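K.L.:
below: sequence and its predicted model.
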Amino acid sequence: MTEHLHSRRSFLRTSGLAVGAVVARQNAAPPATETLAEYASHTTDGRSVTVTSTSGQRLRITAYGGHIVRVRYARSGETFFADDRYEMVDPASHSGMGGRLGVTDDGTGLTVTTAPADGLRVVVRKNPLRVAYYRKDDGTLLAGEDATHSMSWGGDNNSVVRQTFAPAAAGERFVKAGHGFYGRAPRIDRTGEIVAHNYGSVNDRSQQSPAIVQLYLSSRGYAIFVNTSFDTTFNFGNGGVYEFWADEHNTPGVRPQMDYFVLQGPRFAKLLDRYTQLTGRPRLPRLGIFGLQMSDKNFPTVSDQNWWVTKITDHRGRGFPLDLQVHDNRWRAGSGDWSGSWFEFDAGRWPDPAGFKRWADEQGVITSLDYNRNNSNLMAGWVAGPPPGYSFQASDIAGVSENQSVPDWSDPAARAWVWKVFWDKALNPALAFPGDALWLDEPDELGPIPYAALTANGMRWSELRNAYFLYFLKATGQEGWDRGIGPGRRPWIFSRGATAGQQRYGHFWSGDTQSTYDEMRQQIRGMLNAGLGGFPYGNVDGGGHQGNPIPADMYRNWVAAWGALSPIWRPHGYGDALVLGRKASRWPADQDPSESDEFLRYGRLRYTLMPYVYTIAHTAHATGLPMARAMIIEHQDNPLAYAHDQQYMWGPSILVMPLTTGTDGATQPVWLPAGETWYDFWSDAKSAGSDTADKAYVTRTGEIIMYVRAGAILPRYRYAQSTAYLDKTHLELDVYTGADGSFALYEDDGVSEKPANSVTGLSFGNAALAVTIGHPAGTYHGAPAQRRYVVRLHGLSAPVGMRVDGGPALEAFAGEIAATLNGSGQAWDAARKILTVVTPPIPVGGGGGVAATIRPSGQPFPAVTGPNVFSAEDATRGGAVVGTRHPGYTGNGYADFVNASGDFVEWTVTVATAGSHTLTFRYANGGSTDRPLAIAVNDSTVAAAQSFPPTGAWPAWRTSTLTTTLPAGTVRIRATATGASGGNLDCLSVQRAGG
């Protein structure tokens with residue numbers, strides 16, 4: 001065991017136990033004082049069976065559906081806790097999941113079974129009472145008691161309840177969901193260790209953001225969730241002991257009861273499905289939350305309404321995406337600092353919030369507003385003290401920092417108060433203020449409250465503290481947003497710290513982490529452990545919080561690369577860039593070109609993959625299967641999956657391994673599971689999977705390791721700088737040949753709580769090299785009426801002629817954009833061995849069926865025709881900025897002439913043969929007058945005022961054509977605004993005249 005007393009302080013940091021508690025226990029609960037006696041009687045009502053011992057103890061087993069049983073114990077004279085005592089389990093699940101139990105008595109024991117053939121069988125031996133859990137279908141023992149291992153009550157005044165099982169099966173491995181403080185996890189595999197994730201107990205900032213999930217999973221295909229908010233500890237085989245216990249710390253009042261759920265899978269994916277059915281499905285954020293989130297943390301003295309407008313405009317003009325502006329303190333009335341400010345727009349720094357919202361709506365930008373616990377007393381209507389106040393007894397919070405502001409979220413009145421402030425000051429739609437998300441900061445620093453402190457709901461702090469986060473998210477989610485704003489707009493609510501079940505209200509982030517590669521490694525595991533505990537959208541300060549400025553390699557590896565391939569992409573760090581220098585900023589435009597270029601590359605990657613990202617996000621909501629999936633989810637029987645916990649599956653198709661070193665060119669071992677072919681995402685090189693040898697990957701700073709499995713279909717949209725701009729009339733499919741594959745693309749309006757939606761079936765038959773695209777099942781507001789499909793077949797040895805449905809063989813072009821401009825066609829990338837097929841626009845039908853089938857034509861790949869095409873957004877620009885707001889462009893956007901005379905776009909092209917060439921400029925001009933441009937070739941003007949007349953609307957694209965003589969070799973072609981702003985330039989086509 002590595003988390004042991006010989007390394008107590010490491011154990012404290014990673015497990016969440018206080019040092020004093022570790023010393024007191026010496027790795028074990030206090031001695032048992034009472035165990036179950038012998039059987040006396042039992043009763044059953046069809047769903048539950050209650051067994052009574054000769055000493056009056058009771059054991060109750062209840063079915064929750066067909067694959068979960070709840071197990072509860074009570075001492076003589078005790079009554080079982082009410083179902084609603086703890087809210088980790090979704091209250092609706094207690095009755096809503098139903099279930100039936102069959103009970104037979106053979107004299108020596110009871111056999112209790114759930115209804116399904118693959119359900120659970122529970123054997124209750126009578127003398128003495130002992131319980132064991134089996135798979136019903138094949139009789140596999142999951143976990144069980146024997147003569148010397150059982151449930152017991154112990155500790156001072158029976159303040160500890162403990163469930164001890166017989167030693168685990170040989171080779172059995174254990175995974176503890178959730179994580180310790182700061183989102184840190186030393187390993188995924190916790191076999192042989194003692195692990196505890198509980199609320200902190202000290203008065204400093206060392207115990208932030210635990211994810212308190214009393215759930216563990218076994219490689220044998222079962223899971224156990226302990227239904228208590230008392231402190232819990234789990235021993236997964238240290239010293240040969242297999243047990244978990246709850247500790248009440250011997251405070252006055254109620255004693256803990258042993259109450260847990262046994263879940264049967266047997267696969268991990270099914271266990272997570274059943275766990276999140278029990279405790280609540282993760283609340284799906286709106287689509288924009290999965291875009292880039294940027295904060296003003298590094299500009300604490302200047303960020304205001306004008307700053308945000310300028311910053312966003314500059315950021316977008318350089319081509320970067322952005323969806324969510326994250327406010328940190330300065331928007332708030334008062335000091336605009338961490339302290340002395342409160343939840344309300346400051347009239348000086350934010351004179352017109354409604355005006356900003358109108359502007360932000362046009363820009364496709366949504367807003368997060370932050371709350372800091374320490375300023376609660378400055379907020380309207382705050383009442384100090386215990387009920388009717390909103391806090392605790394003064395003596396109980398004397399040791400808490402900023403103890404003038406310590407809300408007790410178990411108090412319904414306190415919860416109603418905080419939501420009223422949020423509503424009155426920002427979120428009431430009648431105000432028309434920005435406010436689409438809530439950032440709930442610092443509910444995790446109340447450790448000094450005595451265990452015996454009495455809380456508003458009648459519990460002692462020893463019992464309430466692990467549920468403190470849950471109550472706060474209930475206030476803002478269920479009792480606040482859901483009732484006030486309703487289903488028309490999904491919230492994004494995240495706090496610093498989490499409790500099991502909180503996922504049905506909101507989510508969390510991992511706190512003020514360090515900016516080191518060791519921290520990054522722990523955060524990767526923490527992300528995976530959060531996903532294993534029902535929190536698939538947990539997020540991390542991109543680049544770490546505490547280090548500034550961070551090294552360039554860390555910006556590229558963490559802020560850009562891993563950030564883009566994690567559930568929530570939120571670069572955020574401490575430090576004033578005006579004092580520390582621009583590189584202390586997390587904004588990419590403030591970085592050197594090596595970092596900013598890398599950031600743009602990953603911005604384009606994430607946003608083009610948004611249909612894939614959003615589909616796996618919805619899968620997490622619907623089934624509990626995380627977006628970032630630890631390798632054990634697919635490979636729970638393979639020891640390699642437990643050892644490789646720095647890599648993960650990003651959805652079903654992409655294997656990701658972030659770089660956690662600043663050494664360029666290092667060799668990184670990557671496990672590519674056997675039985676499949678894997679494509680290097682960046683080079684398309686193929687590798688056969690192996691369970692005997694890792695792949696030796698030579699790293700490049702900023703290039704996150706990504707592999708795609710053969711048979712994968714990756715749906716993509718054209719790049720846009722906001723998810724609000726994504727053009728769903730254009731759907732791209734990257735298909736990786738070598739195996740059959742399928743994907744079910746999920747889409748909805750991206751905003752509503754329970755939206756109408758569509759699911760589009762996509763499939764690939766490798767033998768026939770055929771891609772079948774279904775019509776969507778279902779529809780939603782804003783769904784496209786027609787779609788063009790771009791299908792890229794990876795991994796071919798040579799091109800073949802293709803066609804769409806039964807149509808003629810497609811023409812071949814030099815590139816994908818040229819084929820698109822033609823209306824349809826195909827193109828071959830000889831370097832990467834990718835064959836691209838572009839279909840014409842196809843009407844979208846309802847009710848399913850086939851929209852298009854792309855397959856070989858039976859003819860050779862034709863000779864290439866048409867022009868060479870060069871995008872405007874990637875050309876050299878002077879004054880002109882990148883835009884994506886208006887759809888219909890090709891490539892990754894267009895060049896927007898935002899200023900007057902002098903703005904230019906310049907392409908550098910290679911001309912094979914000198915002579916007369918046709919230059920075709922694709923553009924949009926939504927104005928009412930011509931916007932001519934001067935065209936120059938190698939600095940010589942060839943058209944002083946090339947006409948670009950109105951096109952009728954900004955999303956309406958036309959062409960302006962010019963024929964001129966070009967020399968052979970490298971040629972610069974520049975388009976410059978003359979006297980007035982130009983239109984929007986999409987691309988330049990160059991073709992030999994008459995060709």
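P.N.:
That came through, no problem.
K.L.:
use CA for all of it now, contacts and neighbours both
P.N.:
Fine.
K.L.:
just the CA coordinates for stretch 218-237, please, in PDB.
P.N.:
Presented in PDB, the C-alpha positions along stretch 218-237 are these (Å, rounded to 0.1, in the frame of the first residue of the first chain):
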ATOM      1  CA  SER A 218     -14.900  -4.300  -8.800                       C
ATOM      2  CA  SER A 219     -13.300  -5.900 -11.900                       C
ATOM      3  CA  ARG A 220     -15.700  -8.900 -11.100                       C
ATOM      4  CA  GLY A 221     -18.500  -6.800 -12.400                       C
ATOM      5  CA  TYR A 222     -20.300  -5.300  -9.400                       C
ATOM      6  CA  ALA A 223     -20.300  -2.000  -7.600                       C
ATOM      7  CA  ILE A 224     -21.200  -0.900  -4.100                       C
ATOM      8  CA  PHE A 225     -22.500   2.600  -3.200                       C
ATOM      9  CA  VAL A 226     -22.600   3.500   0.500                       C
ATOM     10  CA  ASN A 227     -25.700   5.600   1.300                       C
ATOM     11  CA  THR A 228     -24.500   7.800   4.100                       C
ATOM     12  CA  SER A 229     -23.100  11.300   4.400                       C
ATOM     13  CA  PHE A 230     -21.000  10.400   7.500                       C
ATOM     14  CA  ASP A 231     -17.300  10.100   6.800                       C
ATOM     15  CA  THR A 232     -16.600   6.900   4.900                       C
ATOM     16  CA  THR A 233     -13.400   4.900   4.400                       C
ATOM     17  CA  PHE A 234     -12.700   1.900   2.200                       C
ATOM     18  CA  ASN A 235     -10.100  -0.800   2.600                       C
ATOM     19  CA  PHE A 236      -9.500  -2.600  -0.700                       C
ATOM     20  CA  GLY A 237      -7.200  -5.300   0.700                       C
END
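K.L.:
where do the helices sit along the stretch 51-200 of the chain?
P.N.:
91-96 (DSSP state H, counting those that start in this stretch).
K.L.:
for the stretch 351-500 of the chain, same thing?
P.N.:
353-363, 412-422, 461-464, 468-476, 482-484.
K.L.:
okay but Val837 is in contact with His794, surely?
P.N.:
No: the pair Val837 / His794 is not scored as a contact, 11.6 Å apart, by Cα atoms under 8 Å.
K.L.:
what's Pro353 in contact with, if anything?
P.N.:
305, 345, 432-434 (Cα atoms under 8 Å, 6 or more residues apart in numbering).
K.L.:
before we move on, what about Ile224?
P.N.:
Under the criterion of Cα under 8 Å, 6+ apart, the neighbours of Ile224 are 215-217, 260-263.
K.L.:
over to it. Which of the three states is it?
P.N.:
Following DSSP: H, G, I helix; E, B strand; the rest coil, the label given to Ile224 is strand.
K.L.:
same question, Leu821
P.N.:
Relying on three-state DSSP, one would call Leu821 helix.
K.L.:
quick one: it and Gly866, what's the gap?
P.N.:
According to Cα to Cα, to the nearest Å, Leu821 stands 10 Å off from Gly866.
K.L.:
look at those two and report which has more neighbours.
P.N.:
More neighbours surround Gly866 than the other of Leu821 and Gly866, with 19 against 15 (other Cα atoms under 10 Å).
K.L.:
give me the neighbour count for the residue nearest to the more buried one when sequence neighbours are not counted.
P.N.:
Spatial nearest neighbour of Gly866, chain neighbours left out: Phe813 (5.9 Å); criterion: Cα to Cα, 6 or more residues apart in numbering. Look at Phe813: counted by other Cα under 10 Å, it has 24 neighbours.
K.L.:
quick one: contacts for Phe813?
P.N.:
For Phe813, the contact set (Cα under 8 Å, 6+ apart) comprises 819, 825-828, 864-867.
K.L.:
tell me what it is bridged to.
P.N.:
Ala827, Thr865 (DSSP bridges).
K.L.:
identify the residue spatially nearest to the residue most central in space within the chain, adjacent ones excluded.
P.N.:
The centre of the chain sits closest to Pro567, judged by Cα atoms, centre = their mean, with a distance of 2.2 Å. Among residues not flanking Pro567 along the chain, Tyr537 sits closest, at 5.4 Å (Cα to Cα, 6+ apart).
K.L.:
quick check: phi and psi on that neighbour?
P.N.:
Per-residue torsions, Tyr537: phi -120, psi 20 (degrees, to the nearest 10).
K.L.:
wait, what's in contact with it?
P.N.:
507-508, 531, 567-568, 627.
K.L.:
which one of those is nearest to Gly497?
P.N.:
Lowest distance from Gly497 to the contacts of Tyr537 (Cα to Cα) belongs to Phe508, with 5.8 Å.
K.L.:
for Val559, see how far away the closest one is.
P.N.:
19 Å.
K.L.:
ok, Asn557 - contacts?
P.N.:
For Asn557, the contacting residues are 658-660, 701-704, by Cα under 8 Å, 6+ apart.
K.L.:
by neighbours, which of the residues you listed wins?
P.N.:
Among those, Leu659 has the most neighbours (other Cα under 10 Å), with 29 neighbours.
K.L.:
that one contacts Met706, doesn't it?
P.N.:
No: taking contacts as Cα under 8 Å, Leu659 lies outside contact range of Met706: 10.7 Å.
K.L.:
which residue ranges form the strands in the stretch 301-450 of the chain?
P.N.:
Taking DSSP state E, counting those that start in this stretch as the criterion, the stretch 301-450 of the chain contains strands spanning 324-326, 332-334, 341-345, 366-372, 437-441.
K.L.:
and the second one, how far out from the chain middle?
P.N.:
Spelled out, it's strand 332-334. 31 Å (Cα atoms, centre = their mean, to the nearest Å).
K.L.:
give me the nearest residue to the residue located most distally from the centre of the chain, chain neighbours excluded.
P.N.:
Relative to the C-alpha centroid of the chain, counting by Cα atoms, centre = their mean, Gly915 is the outermost residue, at 54.1 Å. Counting by Cα to Cα, 6+ apart, Thr965 is the residue found nearest to Gly915 once chain neighbours are left out, at 5.1 Å.
K.L.:
quick check: bridge partners of the residue farthest from the centre of the chain?
P.N.:
Counting by DSSP bridges, Gly915 forms beta bridges with Leu966.
K.L.:
hang on, it packs against Thr963?
P.N.:
No: using Cα under 8 Å, Gly915 is not in contact with Thr963, being 10.3 Å away.
K.L.:
so who does Asp691 touch?
P.N.:
By Cα under 8 Å, 6+ apart, the neighbours of Asp691 are 640, 671-674.
K.L.:
same question for Thr661.
P.N.:
For Thr661, the contacting residues are Tyr517, by Cα under 8 Å, 6+ apart.
K.L.:
same deal with Pro867?
P.N.:
813-814, 818, 989-992.
K.L.:
number of residues surrounding the residue lying closest to Phe230 once chain neighbours are set aside?
P.N.:
Excluding its sequence neighbours, the residue lying closest to Phe230 (Cα to Cα, 6+ apart) is Glu463, at 4.6 Å. Applying other Cα under 10 Å, we find 28 other residues in the vicinity of Glu463.
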